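S.K.: when you get a sec, could you give me coordinates for this:
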Amino acid sequence: MKNYDLLDSLTKENVIQTVHRLGESKLTPTSHLHSLHGDKKIIEAAREYTKGYSDRARLRPALGLIEVVLAANRSYNLHVKPHIERIEKTTDLNTFDQLTDLIKELERDEFYKFWGHKNEKKFDVLNSILGTVTILRKRYPTSKDDFDLMTNWAKNVDLKNYESDIIGQIKNVAIATMQHLRMTFGHDTVKPDQRVKEVLEKEFSQPKLNNVDTVLAVEQIARISGLQTLELDQVFVNYGAGYYNRTEGKYVD
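M.R.: Sure thing, here's the model as predicted:
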């Protein structure tokens, strides 16, 4: 089977022009970054937002991991951010070893209170990812710290065979969670969420892409346009949230 290539149906000029049009559009009240940036151009808000994307995970890798696990299929601002900020301010939790020890020390219900969620599946995912750390440390022995360890894992993921990856094969770790984890720990990639797929379909005429091809498409568009994939992820998410709705396809001011 031929590998996916966006340029089978589009020219580089088409891609560059479309990315420019999306980026130059202004945030609308339904764009995710509007509350922070008002009616700023989407590309400007995306660049500002992504500057410090990995800062928390770089300084405190355990918090970065918790953040990703909790964020799966949840509203980040409503259900995740308050708990992460509370843990950040009230504890000295930094490393994966500290997090592993904490889970061993606390009863399950106590840990649920600590991270703010009573969710057995997410708890099991967190435990399972922590369980890969010893193997990853042997695989990447020159890693300076936990962040560097996860960065080394993230850049070596074989996306087309992600279900065989040491983390991708964990039960209830879907590709979106795996991609979020890679992004959080410094890899320049994208989550294949619904807004991204909508923009690829409506603006780039790429309908019904599977999750892997969605990631490959955005990474290819980033190379063509000269943007970081992470920046492009935010351009797509904010454009899709700002200019589409479920019935008519366009945001009406």
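
S.K.: which positions in stretch 154-162 come out as buried?
M.R.: Within stretch 154-162, the residues that count as buried by 16 or more other C-beta atoms under 10 Å are Ala154, Val157, Leu159, Tyr162. (Each C-beta comes from the backbone N, C-alpha and C, glycine too.)

S.K.: what are the contacting residues of it?
M.R.: With C-beta atoms under 8 Å, 6 or more residues apart in numbering as the contact definition, stretch 154-162 has outside contacts at 164-165, 168, 175, 178, 181-182, 185-187, 189, 212, 215-216.

S.K.: buried subset of these, written for ChimeraX?
M.R.: Buried residues within these, as defined by 16+ other C-beta under 10 Å, are selected in ChimeraX through the command that follows:
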select :165,168,175,178,181,182,185,186,187,189,215,216
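
S.K.: show me the contacts for the closest residue to Pro192 other than its chain neighbours.
M.R.: Nearest residue to Pro192, sequence neighbours excluded (C-beta to C-beta, 6 or more residues apart in numbering): Thr214, at 3.8 Å. Residues near Thr214 by C-beta under 8 Å, 6+ apart: Val190, Pro192, Val196, Lys197, Leu200.

S.K.: shaky segments in the stretch 151-253 of the chain?
M.R.: Counting by pLDDT under 70, the stretch 151-253 of the chain has low-confidence residues at 245-253.

S.K.: now do 50
M.R.: Counting by pLDDT under 50, the stretch 151-253 of the chain contains low-confidence ranges at 246-253.

S.K.: may I ask which of the contacts of Thr214 has the most neighbours?
M.R.: Of these, Val190 is surrounded by the most neighbours, 27 neighbours in total, counting by other C-beta atoms under 10 Å.

S.K.: and that one, how close does it get to Trp153?
M.R.: Counting by C-beta to C-beta, to the nearest Å, the gap from Val190 to Trp153 is 17 Å.

S.K.: counting by contacts, list what the helix or strand where Asp101 lies packs against.
M.R.: Under DSSP states H and E, the secondary-structure element containing Asp101 is helix 96-105. Taking 3 or more C-beta pairs under 8 Å, 6 or more residues apart in numbering; DSSP states H and E as the contact definition, the neighbouring helices and strands of helix 96-105 are helix 61-71, helix 108-115, helix 120-131.

S.K.: show me which of the contacts of Thr214 is closest to Lys41.
M.R.: Val196 (19.1 Å; C-beta to C-beta).

S.K.: can you pull the contacts of the closest one?
M.R.: Shown in contact with Val196 (C-beta under 8 Å, 6+ apart): Val190, Thr214, Val218, Asp233, Phe236, Val237, Gly240.

S.K.: so which of those are in helices?
M.R.: The helices, defined by DSSP state H, take in Thr214, Val218, Asp233, Phe236, Val237, Gly240 from those.

S.K.: ok, now how distant is the first one from Asp146?
M.R.: In this structure, Thr214 lies at 29 Å from Asp146, with C-beta to C-beta as the measure.

S.K.: for the fourth one, same thing?
M.R.: Taken as C-beta to C-beta, the spacing of Phe236 relative to Asp146 amounts to 30 Å.

S.K.: what's the answer for the last one, then?
M.R.: Counting by C-beta to C-beta, the gap from Gly240 to Asp146 is 33 Å.

S.K.: same check on the fifth one?
M.R.: Applying C-beta to C-beta, the value for Val237 to Asp146 is 27 Å.

S.K.: now the second one
M.R.: Counting by C-beta to C-beta, the gap between Val218 and Asp146 amounts to 27 Å.

S.K.: the two: which is more packed in?
M.R.: For Val218 against Asp146, the residue with the higher neighbour count under other C-beta under 10 Å is Val218, and the figures read 29 against 25.

S.K.: mind checking how far the spatially closest residue to the more buried one that is not a sequence neighbour is from Ala72?
M.R.: Closest residue to Val218 in three dimensions, ignoring its sequence neighbours and counting by C-beta to C-beta, 6+ apart: Val190, at 4.3 Å. In this structure, Val190 and Ala72 are 16 Å apart, going by C-beta to C-beta.
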